[in-house]
Structure formats: C-alpha cells, structure tokens
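1. Return a 3D structure for these sequence lines:
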Amino acid sequence: MLDVSLPALRAMAHFAPLPIRSIASLASRQPVGLELPSAGKRLGNILWNGPNSWLFLDTEAAELAARIGASVTDQSDGLFSFAVTGPFAVVILKKLLPIDIERFAPDDVAITSAAHIGVRVWREGDAYILACFRSFAGALHHALAEAAEEFTSGRG
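-> Numbers count the residues shown, from 1 in each chain. Prediction:
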C-alpha cells in the first residue's frame, strides 16, 4: 500500500546570504552564526537548497531574518509538499525520480525532477518528502497517483 499524504502546511523560509558576506565565511558554511548543512544534506530543519542557499522548515521568515541579518524569503505559500510512505514508496519513486532513491539516506537532500517537474526531495523518518512549486502540485499528485496505480488498483 502507498500512502501519499499532504502534510500540514508549515512555514518554509528560503535563506541566501547577503552579497556582502565574505567568501571565507561562506566556505565555512557558517555565514550567519548558524551551522548549515553541506551540499545535498539536511541538518535538523535546514535543507541545502543549492549553492549558498538553504531552506528552513517550520521557521517564520521575519523571525529568521531578524535573528541572522540575512536575506530571507517566505516560501510557505509558494511550495507544496507530499509525503510518500509505505512498502512500495521506493519502487514508485524510482519510476519518477532520476536519482538512486534506494541509497537515499535520512539526511540526504536532492534538487531534481519528478515527471518533468522540479522538486526538492528529502527524508523524514520513513517518509520521502517531495516539494514542488504550488502551481505544479496537481501535476505532481497526478504523477504520483499514476506511478502507484499498479499497487492501488482495485482498492477503494
């Protein structure tokens, strides 16, 4: 059985260092006094989001900006996430993702595509989270449902 759930909406804030930050401080991954994850990794509620860019989960943008003194953009209304769990989750995701999902560790993050839709992928426990721009949420939901059809056909 596959469970594709729609997690409760939560705050997502995008952080990128201000241009005046030095290259040396960026190299240390601590440009603003926070320990930030390296490329392709997650550290607590902070996800790597590309070069010099991080996504903070469950964090209010204004509060984060005040705390770190950096450019912060609230992404809560712009991104939509799906949690994919169950015994067939990996098999289904292999149909959609061009990454080796079988080797995807709980602290791994990937920026990739699923059915030609740009997504961020990470794990929370046994759940694989796929986040896309909200305008693509319907198409991603359809792609997930279609990929799972062989495991769900004939059921309720």
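
2. Mean pLDDT per helix and strand in this protein: which one sits at the bottom?
-> Within the chain, no helix or strand scores below helix 23-27, which has a mean of 37 by mean pLDDT, DSSP states H and E.

3. Pull up the pairing partners for the helix or strand just after that one, direction included.
-> Sequence-wise, the next helix or strand downstream of helix 23-27 (DSSP states H and E) is strand 42-43. Taking DSSP bridges as the criterion, strand 42-43 sits next to strand 46-48 (antiparallel) in its sheet.

4. For burial, what's the neighbour tally of the nearest residue to Glu102 once chain neighbours are set aside?
-> Leaving out its chain neighbours, the residue that sits closest to Glu102 by CB to CB, 6 or more residues apart in numbering is Val90, at 5.9 Å. Placement of C-beta: from N, CA and C, glycine included. Counted with other CB atoms under 10 Å, the neighbours of Val90 add up to 14.

5. do the same with the one 5 residues further on
-> For Lys95, the tally of surrounding residues (other CB under 10 Å) stands at 15.
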